[in-house]
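> My questions are about this predicted structure, shown below with the sequence.
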Amino acid sequence: MTKLISILIIVLVVFVGYRLYLYWEKVDTERDLQEQRASHPVDPRQLPGMPWQLEDSLAKAEQSGQRAMTEWLTAYGNQLQDPRLAWIQLDYCRLLILDNPGEAKRIFNAVKERTPTNSPVYPRIKQVEQTFE
């Protein structure tokens with residue numbers, strides 16, 4: 001009977017050790033990904049999802065303020081795709097937060113829901129998340 005209990009204890013210790021090892025590997029991989037993302041800042045102009053012809057009009061709308069961005073997104077929003085669309089909408093939320101915080105939060109939550117964790121936009125979402133909670 002004592003041999004059986006000893007074997008069960010050894011198996012349990014090995015199992016717990018294996019699970020701890022798997023957890024450590026997961027944490028280590030996530031930390032490496034965070035360091036890699038931090039060392040390579042994202043240039044929003046390099047993100048796919050927007051025709052190059054719209055770059056100038058976007059820059060003008062961003063400089064003109066919230067109303068111009070609203071009109072620009074209404075006019076060209078159907079031509080945009082993620083991840084560039086998500087980045088532009090996060091910029092728009094930043095402009096909108098003072099005038100219409102409810103709408104800014106709604107747009108932010110929509111961007112957050114559709115953005116996967118491996119997206120180049122995800123670190124920015126995590127960075128501004130506390131503003132919208």
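Looks like it arrived, so ask away. Residues are numbered from 1 along each chain as shown.
> use CA for all of it now, contacts and neighbours both
Will do.
> Give me the below-cutoff pLDDT ranges for this protein.
36-40 (pLDDT under 70).
> can you point me to the longest helix in this protein?
helix 2-39 (DSSP state H).
> since we're on residue 86, how many residues are nearby?
23 (other CA atoms under 10 Å).
> and it, what element?
Per DSSP states H and E: residue 86 is located in helix 84-96.
> Following element in sequence after that helix, please.
Downstream of helix 84-96 (by DSSP H and E), the next one is helix 101-114.
> Check which helices and strands whichever helix or strand comes after that next one is in contact with.
The C-terminal neighbour of helix 101-114 among helices and strands, as given by DSSP H and E, is helix 122-128. Helices and strands in packing contact with helix 122-128 are not found; criterion 3 or more CA pairs under 8 Å, 6 or more residues apart in numbering; DSSP states H and E.
> How is this protein partitioned into domains?
Structurally, the chain divides into domains by automatic domain parsing as follows: 1-40, 45-132.
> any idea which of the ones you listed is most buried?
domain 45-132 (a mean of 15; mean count of other CA atoms under 10 Å).
> Can I get the helix holding residue 86 in PDB? Just the C-alpha atoms.
The C-alpha trace of helix 84-96 is given here as PDB (Å, rounded to 0.1, in the frame of the first residue of the first chain):
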ATOM      1  CA  ARG A  84      -5.400  50.400 -41.100                       C
ATOM      2  CA  LEU A  85      -9.100  51.000 -40.500                       C
ATOM      3  CA  ALA A  86      -8.600  50.100 -36.800                       C
ATOM      4  CA  TRP A  87      -5.700  52.500 -36.500                       C
ATOM      5  CA  ILE A  88      -7.700  55.400 -38.100                       C
ATOM      6  CA  GLN A  89     -10.700  54.700 -35.900                       C
ATOM      7  CA  LEU A  90      -8.500  54.800 -32.800                       C
ATOM      8  CA  ASP A  91      -7.200  58.200 -34.000                       C
ATOM      9  CA  TYR A  92     -10.800  59.300 -34.500                       C
ATOM     10  CA  CYS A  93     -11.800  58.100 -31.000                       C
ATOM     11  CA  ARG A  94      -9.000  60.300 -29.600                       C
ATOM     12  CA  LEU A  95     -10.500  63.300 -31.400                       C
ATOM     13  CA  LEU A  96     -14.000  62.400 -30.500                       C
END
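> This completes my enquiry, with thanks.
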